Each structure stands twice: as structure tokens, then as C-alpha cells.
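Asks: here is the input, now give the coordinates:
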Amino acid sequence: LNALFSATTSTCVTGLVVYDTFSHWSLFGQGVILILIQIGGIGLVTLATFFTYIMRQKIGLNNMVLAQESVNTNSIRNLNSLVKLVIVSTLVVELAGAMLLATRFIPRYGAEGIWISIFTAISAYCNAGIDVFGRETPFSSLTHFSDDVVVNVTIMLLIIIGGLGFVVFQDILSYRKNRHLMLHTRTVLLVTGFLIIMGAVVFFLVEYNNPGTLKNMPLGQKILASFFQSVTPRTAGFNTVDLAGMHDPTKLFMCVLMFIGAAPGSTGGGIKVTTFMVLIMTVIGTLRNKT
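Replies: Below is the predicted model:
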């Protein structure tokens, strides 16, 4: 039952675990978990479509519609290029993240730091939040790295990039040619930025004097931890402070961030930032008696 749970939480990139990943699972088990995280993050339909293109096989209309919905695109015409972008951008971003993390983990863990860097980069980009830092303390997540700027910023960027969505990637890359961003892209970027800043401010103010979280940290580390805790609940699942030690208002606010989640067609979950924005605008429109 616990093996089934671990396979499910990895594929669905939820970050919930019944065992400490490092302490309980062998290297083979960790590899299986990592593969499931990668498949779940990219999307099984997207991955299958990509390999179908690679093998030059024809894709039926039903499968094309499924793939279209998987990557959140409105056009079947651009599906081929978008699916390729999903795979290539995923590999490039994860590799870059792993290389940055390796500068911190290899000096600390030796050759084993290469595996830790790869695992952490993929888990962060896919918004899984499953880690192999139980070698420090079981279930410790990133609490031993709360003062490491490189580790914190790299993982935050991986989480954010993975949570923006592949359609946003494509739109940003084509901006130089089109000189225009879709409403979807502008909404995702605006709401994502707003939630990150607001979350960091709330966490910083509420937890500033909490001895269970921020009180004993220097000011710079408090700011870094506040931003990290604002980014990670958007469906990632890492933490650099003891979540059980947070005040209840902070836990409630983190529940709101988890509920909203990331963007459509991304590696994250939640109701999606675009849905959240539509709900807010609907309320405003109703109050102003406008459609």
C-alpha cells in the first residue's frame, strides 16, 4: 500500500510522502520515483505525443485533441512545435538548475552531490517537492539550506519557471517577432508576481518574531526564507523552515496559495492563476454591475 502511495504521489507530483525518500528507498527506488516525477510533471500525454513524433508515426485526431488540452494550446497547427518546446525546455532548464545546485552539493556531499543535484532540480521544476536530504535529518527538506542563497534562488526559479506553463514559454520566446503578449501570458505573469510578493510580505510580517520559524535568523535570511515559503506552496512542497512551527494565520494563508496553485499547462496544480483572476474580475464586475 505504501509503495502504491509513493508511486501515486510521485506521478501526481504532490510531494506527500509516507517514508523519507533517502532513508527508506534504495538508489533504484529513488530512480523510479524520479522517473515518475518527470513523467507526471511533463504529462503522460505530452510525452507520448513527443515520442510519436520522434518515431514519425501518425497521430489520430482524438489523440491530437488530448495533447492539445495537455499543453493548454488553442491551435492544433502549432501542436508539434509546442510539444517539442515542452521537452527541450524541460531538459534545458532542469540541466541548468542541476549544474547550479551542483556547485553547492558536490563540495558538501562529494560525487553523490551530482545525483542530489539532478534529483532536486527535476523535483523542483516539476513542482513535486520530494527530496533526498534525509541524509541530513529525515523529513528535513531544505531546512539545512535556509541560509544558502544559491540553493534557495535556484530552486525558487525552477519552481516558478515550471509553474508558468509551456504556452507562456512559447509566447515569451516569440515576443521578439510578434511584439505582443497574449492576455493569458500577461495574466499569468501578473498574478504570479503579485502572489509571490504578497506571500513573502505576509510570511515576513506574521512570522518575524516567531521563535519556531524566523525569529533567530538574520534579516537577510528572514527575507530569503519568506520568499521561499511564498514560492513553494504554489504546489512545490519544499520548505526551509519548520512548517509545524508557523502561526495559524500563516498556515491559512499558505492554504490559499496552495489552493490557487500555478498556471494552466504547467507542471503545477491548483485551480490555476487564470481561474483565480477570472473569479476576482467576476466579483469586481458584479459589484460594479458590469458583465
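Asks: most centrally placed residue in the chain?
Replies: Asn127 (2.8 Å; Cα atoms, centre = their mean).
Asks: wait, what's in contact with it?
Replies: Contacts for Asn127 (Cβ atoms under 8 Å, 6 or more residues apart in numbering) come out as 13, 41, 159, 162-163, 234-237, 262, 266-269. Quick note: C-beta positions are derived from backbone N, CA and C, even for glycine.
Asks: before we move on, what about Gly261?
Replies: Gly163, Arg234, Thr235, Gly268, Gly269, Gly270, Ile271, Lys272, Val273.
Asks: filter the residues you listed to the buried ones?
Replies: Buried members of the contacts of Gly261, counted by 16 or more other Cβ atoms under 10 Å: Gly163, Arg234, Thr235, Gly268, Gly269, Gly270, Lys272, Val273.
Asks: still on that earlier bit, from the contacts of Asn127, which land in strands?
Replies: Among the contacts of Asn127, no member falls in strands (DSSP state E).
Asks: now those as a markdown table including distance to Phe105 and pLDDT?
Replies: Output for those, formatted as a markdown table (distance: Cβ to Cβ, whole Å; pLDDT from 0 to 100):
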| residue | distance to Phe105 | pLDDT |
| --- | --- | --- |
| Val13 | 22 | 90 |
| Gly41 | 21 | 89 |
| Ile159 | 17 | 96 |
| Gly162 | 20 | 92 |
| Gly163 | 23 | 92 |
| Arg234 | 24 | 83 |
| Thr235 | 24 | 82 |
| Ala236 | 18 | 89 |
| Gly237 | 19 | 88 |
| Ala262 | 26 | 91 |
| Ser266 | 26 | 85 |
| Thr267 | 22 | 86 |
| Gly268 | 24 | 85 |
| Gly269 | 27 | 86 |
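Asks: same list (these) but as TSV, adding distance to Pro138.
Replies: Shown next, in TSV, are these (distance: Cβ to Cβ, whole Å):
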residue	distance to Pro138
Val13	21
Gly41	25
Ile159	23
Gly162	26
Gly163	27
Arg234	25
Thr235	23
Ala236	20
Gly237	16
Ala262	28
Ser266	30
Thr267	26
Gly268	26
Gly269	26
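Asks: out of those residues, name the ones that lie in helices.
Replies: Gly41, Ile159, Gly162, Gly163 (DSSP state H).
Asks: excluding its backbone neighbours, what's nearest the first one?
Replies: If I follow you right, that is Gly41. Cys126 (2.7 Å; Cβ to Cβ, 6 or more residues apart in numbering).
Asks: related to what we said a few turns ago, tell me how far the residue nearest to the centre of the chain lies from Ala236.
Replies: 5 Å (Cβ to Cβ, to the nearest Å).
Asks: overlap in contacts of these two?
Replies: Ile159, Gly163, Gly268.
Asks: just the element for Phe22, please.
Replies: helix 21-24 (DSSP states H and E).
Asks: give me the neighbour count for the closest residue to Phe253 other than its chain neighbours.
Replies: Nearest residue to Phe253 in three dimensions, chain neighbours excluded: Val202, at 5.3 Å (Cβ to Cβ, 6+ apart). When neighbours are defined as other Cβ atoms under 10 Å, Val202 has 19 of them.
Asks: what does the helix or strand harbouring Val202 contact?
Replies: Element membership for Val202, per DSSP H and E: helix 183-207. Residues outside helix 183-207 that contact it (Cβ under 8 Å, 6+ apart) are 160, 163-165, 167-168, 171-172, 181, 213-214, 222-223, 225-227, 229-231, 233-234, 241, 246-247, 249-250, 253-254, 257, 260, 262-264, 273-274, 276-277.
Asks: tell me what the helix or strand just after that helix is packed against?
Replies: Following helix 183-207 in sequence order, the next helix or strand is helix 219-231 (DSSP H and E). Counting contacts by 3 or more Cβ pairs under 8 Å, 6 or more residues apart in numbering; DSSP states H and E, helix 219-231 packs against helix 149-164, helix 183-207.
Asks: I'd like to know how far the residue nearest to Phe253 sits from Tyr109.
Replies: In terms of Cβ to Cβ, Val202 sits 34 Å off from Tyr109.
Asks: any low-confidence regions in the chain?
Replies: By pLDDT under 70, the low-scoring segments of the chain are 45, 48-54, 56-79.
Asks: could you redo the last one with a cut-off of 80?
Replies: 44-83, 291 (pLDDT under 80).
Asks: helix, strand or coil for the residue of the chain most remote from its centre?
Replies: Distance to the chain centre peaks in the chain at Asn289, reaching 37.2 Å (criterion: Cα atoms, centre = their mean). For Asn289, the assignment made with DSSP: H, G, I helix; E, B strand; the rest coil gives coil.
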